[in-house]
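# Following is a predicted model, sequence given first.
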Amino acid sequence: MTVAHSDKRMRFGTRWGRPRPVRVAVAAISAGVLLLGAAAPASAAPLDDGLWYFDGASIGQAHADGWTGEGVTIAVLDSPINTDLPTLENANIEVREPSFCFGPDGEPLPATSSDLSGGSAAYHGSNVASLITGTGDGFPGQTGMKGVAPGADLLYYAVSEFDELVVGGELISCEDADGNLIGDRAVNDAMNEAMDAGADIISISSSFSAGVFVDDAYMRALREGVVVLGGVDNTDEIRVSMGFPAGANGAIGVQAADATGTIADTEGRPNVDPNTAVIAPGIGILTQGFLDGQVEGEEPNWERQVLANGTSLATPIAAGYLALAMQKWPDATGNQMIQSLLRNTGGENHELSGDPANLIGYGFVSATGMLKGDPSGYPDENPLITDSATAIPTLDEITAAMSASPEPTASPSPDAPVVDADGDDLPVVGIIVGIAVAALLLIGALVLVVLVLVRRSRREAA
């Protein structure tokens with residue numbers, strides 16, 4: 001995928017093995033880009049073919065030891081999702097219905113879909129979610145996608161839709177009931193809903209425009225210590241304009257790599273992105289189904305499997321690794337978990353040291369490394385927040401958001417129970433009687449004051 005910034009236009013395109021024409025959108029309009037490419041199909045792929053992110057990282061052993069992400073809540077913001085896939089049928093996932101996007105009729109579009117083409121294509125989101133919470137069940141004769149953190153509570157929000165899907169140049173968008181693009185607002189609203197529901201991690205494999213950077217949801221995530229991850233762009237070009245969330249100050253930008261730690265490349269040149277914080281498994285990953293036109297000469301088919309490449313895959317895998325560590329170390333803050341992620345790259349605890357060439361960031365993520373040592377001794381600081389003048393949001397904006405008072409909580413509804421200091425519900429009848437007595441006393445006091453004033457006035461007149 002290539003993204004180039006000019007005066008008022010931004011190009012969006014995704015590489016599926018070779019360059020494709022790109023489509024153009026006005027930069028001021030919110031749009032998203034999928035960060036996923038694919039290689040040749042692999043029907044009924046064996047365990048050592050496409051599941052190295054699971055087996056090579058000893059995730060099965062972590063699960064056997066009881067670390068499945070249980071008690072951790074991960075929110076995924078992506079395209080529609082097909083929950084009827086075998087690996088997702090019995091998965092621990094809650095889909096927010098409907099989606100945040102509206103159709104031409106002004107009605108909200110469903111968040112779930114079985115389409116592999118058109119506006120509701122669910123290939124991207126289904127595979128992203130499967131890498132976190134997939135059970136490993138597959139179609140007959142297959143091993144399905146295995147989720148890294150199947151015990152975590154996965155909250156799923158559809159915030160984008162395909163627009164005239166073409167292989168190699170998807171422009172995904174989200175429209176409101178009036179047909180206006182609302183990609184940024186949809187992401188902001190979904191993030192707030194996710195945090196209201198207790199999200200510890202927010203994983204976004206698509207790239208949105210900078211309009212989300214300074215909205216209240218991302219600032220709230222920084223303030224509340226919610227870990228935000230995003231895939232960096234799949235390109236070898238360095239750009240000035242960065243997408244959200246990977247380009248946000250304090251977010252974890254994830255680059256894709258193979259089993260040897262070699263990062264993805266474009267036409268033989270390594271991908272470079274200054275927002276790369278870590279690299280994670282994202283090359284040769286088993287995925288379910290393929291899109292219209294993705295496999296030459298074949299129609300879209302959910303029952304076939306392909307090996308795919310892209311930061312869209314690396315991002316949820318990194319989020320899953322974090323969830324395992326969060327379960328084991330529940331007293332650690334979100335900032336300390338980010339510290340652990342960066343300090344345990346390569347499997348060993350080390351000092352913070354990033355790559356100045358912007359190829360691998362702090363290194364290759366390691367679930368086993370994060371599970372070894374308690375991160376609560378690390379500083380409770382987000383080491384990815386920088387004071388660079390070009391950072392968005394700026395350090396001053398973040399500092400102001402951190403010191404801002406939280407929004408006042410809403411008043412309880414009339415039907416909500418009232419709880420006393422000991423936690424016991426107060427009888428509604430008692431409350432009503434108390435209010436009535438207080439009202440009578442107040443009225444009596446007012447009458448008494450009036451009588452006193454009348455008598456005093458009469459005496460003065462006499």
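All right, it came through fine.
# Quick check: Ala314 touching Ile252?
No. The pair Ala314 and Ile252 fails to qualify as a contact (C-beta atoms under 8 Å) at a distance of 10.8 Å. In this view, the C-beta of every residue, glycine as well, is placed from N, C-alpha and C.
# and this protein, what are its domains?
9-403, 414-462 (automatic domain parsing).
# Pull the contacting residues for Thr311.
35-36, 205, 231-234, 246, 254-256, 264, 282 (C-beta atoms under 8 Å, 6 or more residues apart in numbering).
# which residue sits closest to the residue nearest to the spatial centre of the chain, ignoring its sequence neighbours?
Nearest to the mean C-alpha position of the chain, counting by C-alpha atoms, centre = their mean, stands Ser203 at 2.5 Å. Sequence neighbours aside, Ala319 is the residue nearest to Ser203 in space, at 4.0 Å (criterion: C-beta to C-beta, 6 or more residues apart in numbering).
# Wasn't that neighbour part of a helix?
Yes. Assessed by DSSP: H, G, I helix; E, B strand; the rest coil, Ala319 belongs to a helix.
# What is the neighbour count of Asp331?
Other residues near Asp331 number 8, with proximity taken as other C-beta atoms under 10 Å.
# quick one: contacts for it?
Ser376.
# State the distance from it to Ser312.
In this view, Asp331 and Ser312 are 32 Å apart by C-beta to C-beta, to the nearest Å.
# Surely the residue nearest to the centre of the chain is in a helix?
No. Ser203 is assigned strand when assessed by three-state DSSP, not a helix.
# Give me the pLDDT for it.
pLDDT, Ser203: 98.
# Let me know whether it touches Ala75 as I believe.
Yes. Contact criterion C-beta under 8 Å: Ser203 and Ala75 qualify, at 7.1 Å.
# Please name the residues that touch the residue nearest to Ser203.
Ile74, Ile132, Ala149, Ile201, Ser203, Val227, Leu229.
# nearest to Asn275, of the residues you listed?
Leu229 (11.4 Å; C-beta to C-beta).
# any idea which element the closest one lies in?
strand 227-231 (DSSP states H and E).
# helices or strands next to that strand in the packing?
Helices and strands touching strand 227-231, by 3 or more C-beta pairs under 8 Å, 6 or more residues apart in numbering; DSSP states H and E, are strand 201-204, strand 206-208, strand 252-257, helix 311-328, helix 334-343.
# what is the rounded mean pLDDT of that strand?
Mean predicted confidence for strand 227-231 is 96.
# so where do the helices sit in the stretch 301-450 of the chain?
311-328, 334-343, 367-372, 395-403, 428-461 (DSSP state H, counting those that start in this stretch).
# can you dump the C-alpha coordinates of the second one into CSV?
Translated: helix 334-343. The C-alpha trace of helix 334-343 is given here as CSV (Å, rounded to 0.1, in the frame of the first residue of the first chain):
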residue,chain,number,x,y,z
GLY,A,334,-1.5,0.1,31.1
ASN,A,335,1.6,2.3,30.9
GLN,A,336,3.6,-0.4,32.7
MET,A,337,2.3,-3.0,30.2
ILE,A,338,3.6,-0.8,27.4
GLN,A,339,6.9,-0.7,29.2
SER,A,340,6.9,-4.5,29.4
LEU,A,341,6.1,-4.9,25.7
LEU,A,342,9.0,-2.7,24.7
ARG,A,343,11.5,-4.0,27.3
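# Bridge partners for Ala280, pull those for me.
Ala256 (DSSP bridges).
# quick revisit: how close does the residue nearest to the centre of the chain get to Glu97?
20 Å.
# quick one: low-confidence ranges for this structure?
1-48, 162-172, 210-214, 236-242, 405-462 (pLDDT under 70).
# thinking again about what came up before, so in terms of bridging, what pairs with the residue nearest to the centre of the chain?
Where Ser203 sits in a bridge, its partners, by DSSP bridges, are Val76, Leu229.
# With adjacent residues omitted, what lies nearest to Tyr156?
According to C-beta to C-beta, 6+ apart, the nearest residue to Tyr156 is Val95 (4.6 Å).
# The one you found contacts Ala122, doesn't it?
No. With contacts defined as C-beta under 8 Å, Val95 does not count as touching Ala122, sitting 11.0 Å away.
# Identify the contacts common to those two.
In contact with both Val95 and Ala122: Ile81, Thr112, using C-beta under 8 Å, 6+ apart.
# mind listing what Pro98 touches?
Residues near Pro98 by C-beta under 8 Å, 6+ apart: Pro108, Leu109, Pro110, Ala111, Ala158.
# same thing but 6 Å
Pro108, Pro110, Ala111 (C-beta atoms under 6 Å, 6 or more residues apart in numbering).
# do Asp273 as well
Val232, Asp233.
# what's it sitting at in phi/psi?
phi -150, psi 120 (degrees, to the nearest 10).
# distance of it from Ile317?
17 Å.
# same thing with Glu348?
20 Å.
# Asp380 and Asn335 touch, don't they?
Yes. Contact criterion C-beta atoms under 6 Å: Asp380 and Asn335 qualify, at 5.1 Å.
# who's more crowded, these two?
Between Asp380 and Asn335, counting by other C-beta under 10 Å, Asn335 is the more crowded of the two (21 against 12).
# my read: that one touches Ile385, true?
No. Using C-beta under 6 Å, Asn335 makes no contact with Ile385, being 9.3 Å away.
# All the helices of the stretch 1-150 of the chain, in order from the start?
52-55, 59-64, 86-89, 123-133.
# so which of those gets nearest Ala325?
Minimum separation from Ala325 across these (C-beta to C-beta) falls at helix 59-64, 9.5 Å.
# Could you export that closest one as CSV, CA atoms only?
C-alpha atoms of helix 59-64 as CSV (Å, rounded to 0.1, in the frame of the first residue of the first chain):
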residue,chain,number,x,y,z
ILE,A,59,1.1,-19.7,23.0
GLY,A,60,-0.2,-23.2,23.5
GLN,A,61,2.0,-23.6,26.5
ALA,A,62,0.9,-20.3,27.9
HIS,A,63,-2.7,-21.4,27.6
ALA,A,64,-1.9,-24.7,29.3
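# Sort out which residues of that helix are buried, please.
Ile59, Ala62, His63 (16 or more other C-beta atoms under 10 Å).
# Let me see the backbone angles for the closest residue to the last one other than its chain neighbours.
If you skip the residues right next to it in sequence, His63 has Pro150 as its closest partner in space, 7.6 Å away by C-beta to C-beta, 6+ apart. Note on Pro150: its backbone torsions stand at phi -70, psi -20 [degrees, to the nearest 10].
# Leu131 is in contact with Pro150, correct?
No. Applying C-beta under 6 Å, one finds Pro150 not in contact with Leu131, separated by 10.5 Å.
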